[in-house]
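Build me a model from this:
(chains A and B)
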Amino acid sequence: MSSLTLHDVRFVEPETTRNYITHDYGALSWLFTKDHKRIAILYLISITALFILGGFFAVVMRIELLTPEGDLLTSDTYNKFFTLHGIVMIFFFLIPSIPAVLGNFLLPLMLGAKDLAFPKINLLSWYLYIIAAVMGLYIIITGGVDTGWTFYTPFSTQYSNTHVFGVTFAAFIVGFSSILTGLNFLVTIHRMRAPGLTWFRLPLFVWAMYATSIVQLLATPVLAITLVMLMFERVVHVGIFDPALGGDPLLFQHMFWFYSHPAVYIMILPAMGVASEVVAAFTRKKIFGYTFVAYSSLAIAFLGFLVWAHHMFVAGISVYSAMIFSFLSYFVAVPSAIKVFNWTATLYRASVALMTPMLYILGFIGLFTIGGVTGLFLAAIGLDVHVTDTYFVVAHFHYVMVGGAVMAYMAGLHYWWPKITGRMYPEWWARLAALLVFAGFNLTFFPQFVLGYLGMPRRYHAYAPEFQVLNVMSTAGASVLAVGYALPLCYLLWSLWYGRPAGPNPWGAVGLEWATSSPPPMENFHETPVVTWDAYDYPAMMKAMGETQNV
Amino acid sequence: MMLSDFPLWPEQASTVAPGVDALMTFMCIVCGGVSVLTFFVIFVLAIKYRRTPENQLAQDYEPPKALEAAWIIIPFLIFMFMFVWGSWLYFRIQRVPENAIDIYATGKQWMWKFQHASGQREINTLHVPVGRPIRITMASEDVIHSLFFPVFRVKADVLPNRYKTMWFQATKTGRFHIFCAEYCGTLHSGMIGWVEVMEPVDYQKWLAGGAEGSLASQGEKLFQKYACNTCHTNDATGRGPVLLGLYGTTVTLANNATVTADENYIRESILNPQAKIVKGFAPVMPTFQGQVSEDDLLKLVSYVHSLGTQKTAVVPVETPSSKNTSAGSPLKPGAGIPPQQDKGATP
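Coordinates of the predicted model:
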C-alpha cells in the first residue's frame, strides 16, 4: 500500500479518457446527476441566466435616471424594477454564486474527496433553487412586486397590491436551498478531508466556505420565519407587524436584518476565500498570516450576527442601542481590515503574475476597501443620520457586493475555468474585460457617494434637477460595465470549443484541485491523496518542479 | 472655477450641519488616505515583484508578525475614535433643546402635512423661523415614511404606531428640499416639499394669517365632540383620571408599573385605553382606534399637553417657557414664538 507523496500528487495525470462531462450523455444524465461538479454546472447556467435578468432591470433603471423626470417608466414599473433587481441579484445570484458554483465544484476537490457528504441533498438544493426561480419568473411576467427587496411592513402586508405573497414564498423556498448547501458543506468539511489534511492545512477558500456555511445554516431560518409571519399577516391578517392589527413594524425590521445583515457575509466571505486562493497562486507565496486570515473568517461570521440594527439608526431604536450597534459595527470591520492588509503583505518579495484572475482580485481588493471604509462612515451614527437611505448607501453596498463579491466571482471563474472545462479562456480579451469592469464600475458607483451626501434619497423614480450631472455619469459608467460583463459571456462560451487545452495545472498552482486532470474524472481522484504539506507550500513545490510550465 | 456648480455637499443650514460635515471631512481624509496608501503599496509591490524570467519564484520570506499586530491594533484605535465622535454627534442631533418650538407632522401616501401650534396647517411646505430650535413630533397615517432635510443633515423615520420627534435649528433663511427617505409606494419620489426658513418677524406674520384657532383649542372642541369631558372632568368625580396637570408627570398604573405621561402615552391611551390602566380606575374607556384621524389625534394630544401646563400656570400668562406659550394659551393665536432665551442661538 503506497500513498502518494507531494511530488506524485501534483504531477500524476490520471490515465483516463472519460471526465465528468463525458462520463454520461443526455439531458437526463445532467438533471438526475448526483455529481457535485455537474450540479455546479447546473448552478452556473441558472445563476448566469438570472444575473442577466437582474442586470436587465439595472440597465433600464439607469436609462430612466438619465433625466430628472420619470419619463421612460411609470412610477409603479420603476418601483417594481428596483425591487426585482434587488431580489434577483441577492437571492438568486449573489448568495448562490460562489458557494453553489465554485464551492460545489471545488470543495470536494480541495478536500481530496469524491463528492460532498450528501450528493442527493445537493441536487435537491438545486431543484429548490429552480422551483423558486420559476415562481419568481412567473410573478415577474404576471405583474411583479413593488415592496423593495426589504419587504418593509406595513407597506408589504397592507398597502402593496402586487404579488408580495408569491415573491416572499419564492424567497422562502430559495432560502432552503441555501440552508441545505450550508449544511452539506459543513458536514463535508468536518468529515471528508483527505488523510493528513488537518484544519490548518486547509486552503483559505475552504475556511471561508466553512464560515459562510455556518451563517447560511443559522441565519437563513430566521428569514424563513420572518417571511412566514409576513405571509400570515398579509393573507390571514394575524397582527404581527401591522400596528392597525396590534403589531409592531419595527419588529419586522429587527427580524429581517437579523438575517439580511449576516447575508452580506454569505456574499462576501466566499469572495474573500477566492481572493486568498488567487493571491497565493499568482504570487506563488503562502498567504501572509494564514492563521489570522482563517480565524478572521470565523470572526466575521460570528460578529456579523451582532450588528443588524445598524440598518435602523433612524428607524426608531433608542439612542443607547444605536451606540451599541455602532460600536459592534466598528468591531466587525477589524477582521476585514486584517484580510486586506495581509493580502497586500503577501505581494512583498513575491512573483506577481498579472493575469486575468489576479487583475480581478486586485480590483476586488481596491473596490472592497472602498466599500469597507464607507461602511465606517455609515457606522458613525451622527453621520448615518444624514447619509442613510440615500445614494451613499446604494454606492456603499454596490462597492461591497458588486465590487467585492462579483469581482471575486469573476476572478474565481477565470482561475478555475481551465479546471472546470479543460480549456483556457483567451487571456487578452479577458484582461480587457477585467479593465472595463473595473473602470465602468467606478464610473457608475463613485458619483453615487457624492449624490448621496448631497441628499438624493434611494429608490427615487424622479429626482431634483441639480442631481442630473452625477446621474448621467453613473449611467455612462453602467453602459461600460454592461459591456465588461457581456464580454466574458461571449469569450468563455467561445473557449468551450476553441480554447487551448489547459492541462491539469496551467497556473503552476498548488492545491489538490490542481493535482487531478482537467476536467476532473467523475470520481475526482483515482487514488485518495494523502496530504503531508501545508496549504500554499510553494517553496516545496517549486523545488519539485524545477521550473514552471505555462506561466 | 466652476466648482460651485458641482458642490460636494449641500448647503449648511442648521446648527448641526457644520458638525456633520466636519466628521465627514475627517472620515474622508483618514479613510481616503489609508485606502490610497494601500492602493499605492499594492501597485508598487505588484510592479516591483512582477513575474519575470528571473523572478519565477517567490522568496521564502515572511514579514514580521509585529506588523500584523500593528494593523490590528492601530485600525481598531482609529475605529474607536470614529465611534466616539459619531456617537457624540448623534447625541447632539438627538437631544432636543428645552425651548424648542413644537410643530406637528403627519406623513401619508404621498404628502407631508404640518400643523403649527397656533393652528396653521400646510401641506408639503413647512415654514419655520431662523435661529430657533424646532421640535417636530410626527406620526404616519399608513406606511413608514422618513422626513429628511438634507440642508439640516437630519432625518427620522415616521412610524404609523407611535410619535417620534426630531429637531433642528435653522441658521439660514431660504427655501430648501424636504424628501421622503423611506420607500413608501408608488409616488415615493413625489413625496417631497420645501422648508421655508424665515426671519422670526416674517414667521410671526405668516402664523397670524388664517388660522382657525390654536391646535390646543381645536383639540378642546374635539374633546367635547368625542365626549371625553363626560368622564375626564376637572375634579376627581369623573370616571376617568383628571387630565389637568397630567402632562410630563409620572403615572402609576394598575399593575404598579410607572409611565411618563408623554405624547406617546396619551396617544396610546386614546387608541388603546386598555393597554395602560391608571391605578384606581376601572378599564371602562372605549377605544377610539379608527375613529380619530392622525390630524385630530395630534390636536387632542396637543390639548391634553396644554392642560398639563395649566396646573403650574393656571392663568395662561406669557411665561418664558415656550411650551406654555405655544401650546397653553389658546386665547392668543399666533403665540408660537417663545421669547428668545438662548443668546448664542442668533442666526
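
Which residue does the stretch 201-350 of chain A have closest to chain B?
Closest contact between the stretch 201-350 of chain A and chain B, by Cβ to the nearest Cβ, is at A:Pro243 (3.2 Å). Every C-beta, even on glycine, is put in place using the N, C-alpha and C of the backbone.

if I pick the closest residue to that residue other than its chain neighbours, what's in contact with it?
Nearest residue to A:Pro243 in three dimensions, chain neighbours excluded: B:Asn161, at 3.2 Å (Cβ to Cβ, 6 or more residues apart in numbering or on different chains). Residues counted as contacts of B:Asn161 (Cβ atoms under 8 Å, 6 or more residues apart in numbering or on different chains) are A:Pro243, A:Asp248, A:Pro249.

same check, this time on A:Ser177
Going by Cβ under 8 Å, 6+ apart, A:Ser177 touches A:Pro96, A:Ala100, A:Ser125, A:Trp126, A:Leu128, A:Tyr129, A:Ala132.

wait, the third one sits on A:Asn184?
Yes: in this structure A:Ser125 lies within contact range of A:Asn184 using Cβ atoms under 8 Å: 7.3 Å.

Mind checking which of the contacts of A:Ser177 land in helices?
Those of the contacts of A:Ser177 mapping onto helices are A:Pro96, A:Ser125, A:Trp126, A:Leu128, A:Tyr129, A:Ala132, per DSSP state H.

ok, and the closest non-adjacent residue to the fifth one?
The shortest distance from A:Tyr129 to any residue other than its chain neighbours is 4.3 Å, reached at A:Ser177 (Cβ to Cβ, 6+ apart).

Next, give phi and psi for residue 44.
I'll assume chain A. Main-chain dihedrals, A:Leu44, degrees, to the nearest 10: phi -60, psi -50.

what pairs with B:Glu122 across the strands?
Taking DSSP bridges as the rule, B:Glu122 bridges to B:Phe114.

Kindly provide the distance from it to B:Gln115.
8 Å (Cβ to Cβ, to the nearest Å).

which of these two has more neighbours?
Higher neighbour count among B:Glu122 and B:Gln115: B:Gln115, with 22 against 15, using other Cβ atoms under 10 Å in any protein chain shown.

Spatially nearest residue to that one, not counting backbone neighbours?
Going by Cβ to Cβ, 6+ apart, B:Gln115 has B:Tyr104 as its nearest residue, at 4.5 Å.

ranges for the strands of chain B?
B:101-108, B:111-116, B:121-123, B:125-129, B:133-140, B:145-149, B:154-158, B:164-169, B:174-180, B:193-198, B:250-252, B:258-260 (DSSP state E).

Could you dump the ones you listed into CSV with mean pLDDT added?
Converted to CSV, those look like this (pLDDT from 0 to 100):
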stretch, mean pLDDT
strand B:101-108, 94
strand B:111-116, 94
strand B:121-123, 90
strand B:125-129, 95
strand B:133-140, 95
strand B:145-149, 97
strand B:154-158, 96
strand B:164-169, 95
strand B:174-180, 96
strand B:193-198, 95
strand B:250-252, 87
strand B:258-260, 87
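
Report the distance from the helix ranked longest in chain A to the chain centre.
The helix spanning the most residues in chain A, taking DSSP H as the definition, is helix A:249-283. How far helix A:249-283 lies from its chain's middle: 7 Å, per Cα atoms, centre = their mean, to the nearest Å.

quick one: that helix to strand B:133-140, angle?
100 degrees (axes from the mean of the first three to the mean of the last three Cα atoms, to 10 degrees).

close to chain B, is the helix or strand following helix A:249-283?
Next in sequence after helix A:249-283, counting helices and strands by DSSP states H and E, comes helix A:290-303. Yes: using Cβ under 8 Å from any Cβ of the partner chain, helix A:290-303 reaches chain B at A:Phe292.

Student question: in chain B, what's the helix or strand with minimum average pLDDT?
helix B:322-328 (a mean of 39; mean pLDDT, DSSP states H and E).

Next up, the contacts around A:Met312.
Going by Cβ under 8 Å, 6+ apart, A:Met312 touches A:Leu250, A:Gln253, A:His254, A:Trp257.

To what extent is the second one buried, counted in neighbours?
The local packing count at A:Gln253 equals 25, with neighbours defined by other Cβ under 10 Å.

nearest residue to A:Gly182 other than its sequence neighbours?
Nearest residue to A:Gly182 in three dimensions, chain neighbours excluded: A:Gln216, at 3.1 Å (Cβ to Cβ, 6+ apart).
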